[in-house]
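**Q** just coords:
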């Protein structure tokens with residue numbers, strides 16, 4: 001099969017400047033955390049990537065350990081690029097990360113210079129690329145000096161193996177210290193990738209204000225709280241193919257009666273906006289001015305298309321925001 005992108009792929013997607021940089025990113029990016037491992041269907045992977053690009057999503061997010069097995073998501077995406085998208089490489093924003101467990105021994109995780117730079121080399125081989133657009137430190141390492149971790153990202157950029165540097169999962173205080181080091185090295189931090197959703201609001205009031213002040217972009221991952229902010233659980237049942245049933249990050253025991261009630265209250269607000277719960281959850285994240293992009297995942301093309309429809313209604317009335325806040329506040333599940 002020979003893939004040819006849609007000629008109007010940039011006409012419907014909105015692109016937002018990432019912090020104070022020269023980069024504009026699509027409001028939605030496709031994450032390859034799930035559904036791109038060796039146990040997944042390769043044709044489905046191709047269809048997801050092709051449809052995303054046709055819809056103007058030119059930003060694809062990976063990490064060295066995505067799979068399973070670790071590394072396989074990069075290998076599979078690398079095959080798709082080499083076979084179908086190599087001609088369009090300059091249109092694509094391809095990102096990867098290192099920080100979580102990738103291999104045995106003392107240099108297989110965290111934030112040392114040795115691990116980060118060797119991991120980047122291995123990622124480039126798996127992707128069959130000369131460079132990635134953004135290389136992230138995937139998590140803050142409390143045992144490695146930030147000067148070493150940020151210095152490794154600086155080296156990655158200066159070597160040409162990454163065009164920009166980013167950090168992910170860094171708490172606010174570590175972010176502030178890292179940004180100071182980036183400035184001293186004169187290699188700006190382009191973007192921060194935190195978890196953020198209606199049910200996981202930890203960035204608000206501290207990290208998001210810091211990023212706005214420092215001119216750093218933000219891309220939110222797990223916007224649907226591992227699938228909880230979808231229609232799957234509204235009836236109180238646990239679908240057999242859901243992440244909760246498959247013992248993923250979302251645990252069945254966490255889906256209590258109070259959580260189901262909260263979800264249905266949010267869903268009622270979404271329906272009044274002519275949106276699904278998932279679509280409203282994505283739009284709500286983009287309502288935060290610190291957020292550049294929402295990182296979505298999908299297991300099938302139809303799901304991807306439904307999530308992209310969130311962009312058809314991004315405005316919230318004052319009353320809608322108040323209603324959402326009334327549902328979320330004082331709920332023990334909301335972090």
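**A** Received the coordinates, thanks. The structure presented is a predicted model; accordingly, all values stated were derived computationally and were not measured.

**Q** quick one, strands of this structure?
**A** Applying DSSP state E to the chain gives strands spanning 15-17, 24-26, 28-31, 59-61, 93-98, 132-137, 162-168, 189-193, 217-220, 293-296.

**Q** any buried residues in stretch 286-298, and which?
**A** 286, 290, 291, 292, 293, 294, 295, 296, 297, 298 (16 or more other C-beta atoms under 10 Å). C-beta: built from backbone N, CA, C; applies to glycine.

**Q** over to stretch 181-189?
**A** For stretch 181-189, burial by neighbour count (16+ other C-beta under 10 Å) applies to 181, 182, 185, 187, 188, 189.

**Q** next one: stretch 190-201
**A** Counting neighbours by 16+ other C-beta under 10 Å, stretch 190-201 gives 190, 191, 192, 193, 194, 195, 196, 197, 198, 199, 200 as buried.

**Q** from what I can see the last one touches residue 285, true?
**A** Translated: residue 200. No: using C-beta atoms under 8 Å, residue 200 is not in contact with residue 285, being 10.3 Å away.

**Q** any weak-confidence spans in the stretch 101-250 of the chain?
**A** 236-250 (pLDDT under 70).

**Q** show me the helices in it, by range?
**A** All helices of the stretch 101-250 of the chain, identified by DSSP state H, counting those that start in this stretch, fall at 113-127, 146-158, 172-185, 207-214.

**Q** what's the most distant pair in the buried residues of stretch 181-189?
**A** Pairwise distances across those peak at 11.4 Å for 181 and 188 (criterion: C-beta to C-beta).

**Q** on that earlier part again, widest-spaced pair of the buried residues of stretch 286-298?
**A** Top of the distance list for the buried residues of stretch 286-298 (C-beta to C-beta): 290 and 298, 24.5 Å.

**Q** redo the strands of the chain as TSV? Include distance to residue 322.
**A** Listed next are those as TSV, based on distance: least, C-beta to C-beta, whole Å:
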stretch	distance to residue 322
strand 15-17	26
strand 24-26	30
strand 28-31	26
strand 59-61	32
strand 93-98	36
strand 132-137	36
strand 162-168	32
strand 189-193	28
strand 217-220	22
strand 293-296	22
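
**Q** looking at the ones you listed, which is closest to residue 70?
**A** Closest approach to residue 70 among the strands of the chain (C-beta to C-beta): strand 93-98, 11.0 Å.

**Q** relative to strand 132-137, how tilted is that closest one?
**A** On the basis of axes from the mean of the first three to the mean of the last three C-alpha atoms, to 10 degrees, strand 93-98 is oriented at 30 degrees to strand 132-137.

**Q** so which bits of strand 93-98 are buried?
**A** So, applying 16+ other C-beta under 10 Å, buried residues of strand 93-98: 93, 94, 95, 96, 97, 98.

**Q** partner strands of it, with direction?
**A** strand 59-61 (parallel), strand 132-137 (parallel) (DSSP bridges).

**Q** can you redo these as a markdown table with distance to residue 88 and mean neighbour count?
**A** Below are those laid out as a markdown table (distance: least, C-beta to C-beta, whole Å; neighbours: other C-beta atoms under 10 Å):
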| stretch | distance to residue 88 | mean neighbour count |
| --- | --- | --- |
| strand 59-61 | 12 | 25 |
| strand 132-137 | 13 | 26 |
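
**Q** okay, these in CSV with distance to residue 15 next?
**A** Shown next, in CSV, are those (distance: least, C-beta to C-beta, whole Å):
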stretch, distance to residue 15
strand 59-61, 10
strand 132-137, 14
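
**Q** which of those strands sits closest to residue 224?
**A** strand 59-61 (15.3 Å).

**Q** what's near enough to touch residue 221?
**A** Contacts for residue 221 (C-beta atoms under 8 Å, 6 or more residues apart in numbering) come out as 31, 33, 61, 168, 193, 194, 195, 196, 295.

**Q** ok, the closest residue to it other than its chain neighbours to residue 272 distance?
**A** With sequence-adjacent residues excluded and distances taken as C-beta to C-beta, 6 or more residues apart in numbering, residue 221 is closest to residue 295, at 4.5 Å. In this view, residue 295 and residue 272 are 27 Å apart by C-beta to C-beta, to the nearest Å.

**Q** ok, what's across the strand from residue 26?
**A** On the basis of DSSP bridges, residue 26 is bridged to residue 15.

**Q** tell me which of the strands paired with strand 93-98 sits nearest to residue 257.
**A** Closest among the strands paired with strand 93-98, using C-beta to C-beta: strand 59-61, at 34.7 Å.

**Q** average model confidence for the closest one?
**A** If you average the pLDDT over strand 59-61, you get 98.

**Q** now swap in stretch 289-309 and tell me
**A** 97.

**Q** for it, measure first residue to last.
**A** 20 Å (C-alpha to C-alpha, to the nearest Å).

**Q** how distant is that stretch from the center of its chain?
**A** 10 Å (C-alpha atoms, centre = their mean, to the nearest Å).
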